[in-house]
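**Student:** coords please:
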Amino acid sequence: MPSLFNPAAGSLYYYTKGWNLKALGSWVAAAVFGIPGLVGAYHPSWVGHAAGDIYKMGWFICFAASMAFYFAANHILPAQVVPEGYTTDPKEFESFASTDGYLGGDPVIEFRDYEVQVGEEPAGSGASAHSGDIAAEKV
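**Tutor:** Numbers count the residues shown, from 1 in each chain. All right, here's what the predicted structure looks like:
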């Protein structure tokens, strides 16, 4: 969990100088499928009739292609699951569930309880709340 909020080099989500090259490459490769359709939308005589159909379905085609490219890229080059410097080797799908994603040595952040006023109108809304309508809930 702390890896999500660590922008330093070497952290889990830093990738390559802050860029996820597998995702970027998948996006660019899928966008190429829509270029003939885009050209066909403005100059129909430059490309075949099929390019116009590709343009009409471009969002679905590019989304599916990007998903397939990204899946293949992650299958060939698996994603790093544990940040550098940790020896934990997850073997099961939800191996971090018992620790909420915290690894050994991570500072655990505890959130304290707070009370929420249910039924209270926001200040300045012009409507007055009746005292019988307001109840406090412990969250």
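
**Student:** Next, count neighbours for Asp113.
**Tutor:** 6 (other C-beta atoms under 10 Å). From N, CA and C alone the C-beta is placed, and that goes for glycine too.

**Student:** And it, how close does it get to Leu38?
**Tutor:** 54 Å (C-beta to C-beta, to the nearest Å).

**Student:** what do you get for Leu4?
**Tutor:** 36 Å.

**Student:** Between the two, which is the more surrounded one?
**Tutor:** Using other C-beta under 10 Å, the more surrounded residue of Leu4 and Leu38 is Leu38, with 15 against 10.

**Student:** For that one, pull up the helix or strand it's in.
**Tutor:** Using DSSP states H and E, Leu38 maps to helix 35-42.

**Student:** So which residues make contact with that helix?
**Tutor:** With contact meaning C-beta atoms under 8 Å, 6 or more residues apart in numbering, helix 35-42 is reached by 46-48, 51-56, 58.

**Student:** pLDDT of it, averaged?
**Tutor:** Per-residue pLDDT over helix 35-42 has a mean of 83.

**Student:** Tell me which other helices or strands the helix or strand just after that helix touches.
**Tutor:** Sequence-wise, the next helix or strand downstream of helix 35-42 (DSSP H and E) is helix 49-56. Contact here means 3 or more C-beta pairs under 8 Å, 6 or more residues apart in numbering; DSSP states H and E; on that basis helix 49-56 packs against helix 35-42.

**Student:** Pull the contacting residues for the residue nearest to Tyr70 when sequence neighbours are not counted.
**Tutor:** Spatially, and ignoring its direct neighbours in sequence, Tyr70 is nearest to Ser26 (4.1 Å; C-beta to C-beta, 6 or more residues apart in numbering). Residues counted as contacts of Ser26 (C-beta under 8 Å, 6+ apart) are 66-67, 69-70, 73.

**Student:** Can you show me the helices along this structure?
**Tutor:** 21-31, 35-42, 49-56, 58-76 (DSSP state H).

**Student:** I'd guessed Leu103 sits against Gly85; true?
**Tutor:** No. Look at Leu103 against Gly85 with C-beta atoms under 8 Å: they stay out of range, at 9.4 Å.

**Student:** Kindly reformat the helices of the chain as TSV containing distance to Tyr14.
**Tutor:** Listed next are the helices of the chain as TSV, based on distance: least, C-beta to C-beta, whole Å:
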stretch	distance to Tyr14
helix 21-31	12
helix 35-42	31
helix 49-56	36
helix 58-76	17
